[in-house]
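**Q** I would like the atomic coordinates for the input below:
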Amino acid sequence: MTARDMTAKLVNGLMATHFVTRTGGVARAFLMLYLTHERGLAPATAGAVIAAVGAGDIGSQLLGGWLSDRIGRRNTMLIGFLGSAVALIALGSATTLPTICVSALGVGLMAELFRPVGSAALADLPPQERLSAFGRLFWAANVGSTIATIAAGVLVRQGYGLLFWINASAAVLAALIVWRWVPETRPTQSATVRRALLPVLLRDPVMLMMTGIHVVYFAMFLQVYSTLPLIMTGDGIGPGTYAAVLALNGILIITVQPLAVRVLKGRDTVSALAVSMLLAGVGGGLTAVVHGTAAYAAAILLWTLGQIGVSVLFGATFAGLAPADLRGRYMGIASTTWSVGAILGPLLGTALLEHAGRTGVWLTSSAIGLALFTALLHQGAAVRARLAAKTSANAQSPAQPVASAH
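**A** Below is the predicted model:
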């Protein structure tokens, strides 16, 4: 098999797994309703169970990165998908609070294990192929998520239990795709070189800076799922319109993202990231002060354009920063920026909305977007030098992947 064929097989296989898991990921969206309506838990208790899923998410990013460097990309994905199926069935069957909590933690720990591992596999590709590969992965995941959003509302009428079985079946199907079509890509030196992550990470100011920037960005970006529905409700706009606004976001991603990959390929990564984060900040800020469905849609357009830019560049940027023997763990750290932002964003955003009102949310979001824009431009030289050095090193001595068993 030629290198080009292996790359195509890898990207297509990973696209299929992301599409299947996101399309079948119908249970988590209704977890709060399932816990309160089906299991009779109080809202605060149900919130604690969902927090357990979130805690598992953070652990899964770090565990997935570590395992992928130790036992390989394919083996780790198989563990994650099959473990996710078991945990989902356990959660859908659990009747006591301790078993529900343990199962919820297991779902968080297993369900997202594939995300940093898939990113590590694409990071093993030559630098010139990463941007388009990450873009295709992001696109496939969003197509699946859009389908799941529509399907879940129909399927839930048949009962919550069906959602868990569909979700688990999708995980098993994804495992079969990995077993049959996804080749192993871990560089051969990763199997023999045993460096600890923390000492390397603490001596890597560029990685630490980019990690911090993305945590702040995701905390700001995720206001669309926390403060935006509250703000729209305050305007007398119902859940149906809010769902339509989110659907618009998905449609824009599906249609615009492939074009964004072509436009951004070969562009200066740091400048493109800076502009994208600024757009997301301004767009998110506008959602707090505009009124009416059309105005919200226009604000979401800006926010989505920024989201697309960051998402297209995210994986390739962190892949360019990662040492070959620590790629899995570096991509795990990168993935935690989303998970940490998902915890901080709702907590800080709702507190800000309560104490400073929607104007405070608008000013803060826009100010954060501008601050991230400035920080990236200020640190741009260091990031560019690092990416250029890694590209040059890869060109001189490319890492050899482990031969696939399939």
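**Q** hang on, residue 354 in a helix?
**A** Yes. Counting by DSSP: H, G, I helix; E, B strand; the rest coil, residue 354 is located in a helix.
**Q** so it versus residue 346, what's the distance?
**A** Note on residue 354: its distance to residue 346, by Cβ to Cβ, to the nearest Å, is 12 Å. Using the backbone N, CA and C atoms, a C-beta is placed for each residue, glycine as well.
**Q** show me which of those two is the more surrounded one.
**A** Legend: neighbour count by other Cβ atoms under 10 Å for residue 354 and residue 346, higher for residue 346 (16 against 11).
**Q** what strand or helix carries that one?
**A** Following DSSP states H and E, one finds residue 346 within helix 327-378.
**Q** from the chain's centroid, how far away is that helix?
**A** Remark: helix 327-378 is offset 15 Å from the chain centroid, using Cα atoms, centre = their mean, to the nearest Å.
**Q** that one packs against which elements?
**A** Here helix 327-378 touches helix 43-71, helix 114-123, helix 197-202, helix 205-221, helix 227-234, helix 269-286, helix 293-321, going by 3 or more Cβ pairs under 8 Å, 6 or more residues apart in numbering; DSSP states H and E.
**Q** one more time with 10 Å
**A** helix 43-71, helix 73-93, helix 114-123, helix 197-202, helix 205-221, helix 227-234, helix 269-286, helix 293-321 (3 or more Cβ pairs under 10 Å, 6 or more residues apart in numbering; DSSP states H and E).
**Q** what angle do that helix and helix 205-221 make?
**A** Between helix 327-378 and helix 205-221, the angle comes out at 80 degrees (axes from the mean of the first three to the mean of the last three Cα atoms, to 10 degrees).
**Q** orientation of helix 327-378 relative to helix 43-71 in degrees?
**A** Using the same axes, to 10 degrees, the inter-axis angle of helix 327-378 relative to helix 43-71 is 110 degrees.
**Q** helix 327-378 - what's its average pLDDT?
**A** For helix 327-378, mean pLDDT is 88.
**Q** so residue 41 sits against residue 49, correct?
**A** Yes. Look at residue 41 against residue 49 with Cβ atoms under 10 Å: they come within range, at 7.1 Å.
**Q** settle it for me: which of these two has more neighbours?
**A** Taking neighbours as other Cβ under 10 Å, residue 41 and residue 49 compare with residue 49 leading, 22 against 18.
**Q** quick one, what contacts the closest residue to that one other than its chain neighbours?
**A** Spatially, and ignoring its direct neighbours in sequence, residue 49 is nearest to residue 104 (4.9 Å; Cβ to Cβ, 6 or more residues apart in numbering). By Cβ atoms under 10 Å, 6 or more residues apart in numbering, the contact list for residue 104 reads 31, 35, 46, 48-56, 87, 90-91, 94.
**Q** one more: residue 89?
**A** 103, 161, 164-165, 167-169, 171.
**Q** the helix holding residue 346 vs helix 293-321, what angle?
**A** Going by the same axes, to 10 degrees, helix 327-378 makes 120 degrees with helix 293-321.
**Q** between helix 327-378 and helix 269-286, how many degrees?
**A** Angle between the axes of helix 327-378 and helix 269-286 is 80 degrees (criterion: the same axes, to 10 degrees).
**Q** tell me, how many residues neighbour residue 194?
**A** 9.
**Q** state the distance from it to residue 70.
**A** 9 Å.
**Q** any residues in contact with both of residue 354 and residue 346?
**A** residue 227.
**Q** returning to what we had before: what is the nearest of the contacts of residue 104 to residue 383?
**A** Among the contacts of residue 104, residue 54 lies closest to residue 383 (Cβ to Cβ), at 29.4 Å.
**Q** ok, the closest one touching residue 339?
**A** Yes. Taking contacts as Cβ under 10 Å, residue 54 lies within contact range of residue 339: 7.0 Å.
**Q** looking at the chain, which helix or strand does the model trust least?
**A** helix 380-396 (a mean of 74; mean pLDDT, DSSP states H and E).
**Q** so residue 376 touches residue 309, yeah?
**A** No. Contact criterion Cβ under 10 Å: residue 376 and residue 309 do not qualify, at 11.8 Å.
**Q** for these two, list the residues in contact with both.
**A** Common contacts of residue 376 and residue 309 (Cβ under 10 Å, 6+ apart): 272-278.
**Q** buried sites along stretch 52-72?
**A** Neighbour-count burial for stretch 52-72, counted by 16 or more other Cβ atoms under 10 Å, picks out 52-69, 72.
**Q** which helices and strands does the helix or strand hosting residue 22 pack with?
**A** Secondary structure from DSSP H and E places residue 22 in helix 3-23. In terms of contacts (3+ Cβ pairs under 10 Å, 6+ apart), helix 3-23 is packed against helix 73-93, helix 114-123, helix 127-155, helix 160-181.
**Q** now that helix, how far from the centre of its chain.
**A** Taking Cα atoms, centre = their mean, one finds helix 3-23 lying 16 Å from the centre of the chain it belongs to.
**Q** can you give me the mean pLDDT across the following helix or strand past that helix?
**A** Moving toward the C-terminus from helix 3-23, the next helix or strand (DSSP H and E) is helix 31-33. Averaging pLDDT along helix 31-33 gives 77.
**Q** for helix 31-33, packing partners?
**A** Using 3+ Cβ pairs under 10 Å, 6+ apart, helix 31-33 sits against helix 43-71, helix 160-181.
**Q** report the buried residues of the shortest one.
**A** In terms of neighbour count (16+ other Cβ under 10 Å), helix 160-181 has its buried residues at 160, 163-164, 166-168, 170-171, 173-175, 177-178, 181.
**Q** can you check stretch 208-220 too?
**A** 209-211, 213-220.
**Q** again with stretch 362-378
**A** Result for stretch 362-378 [16+ other Cβ under 10 Å]: buried residues 362, 364-366, 368-369, 371-373, 375-376.
**Q** related to what we said a few turns ago, give me whichever of the helices and strands packed on helix 327-378 is most buried.
**A** With neighbours defined as mean count of other Cβ atoms under 10 Å, the helices and strands packed on helix 327-378 peak in mean count at helix 114-123, which reaches a mean of 30.
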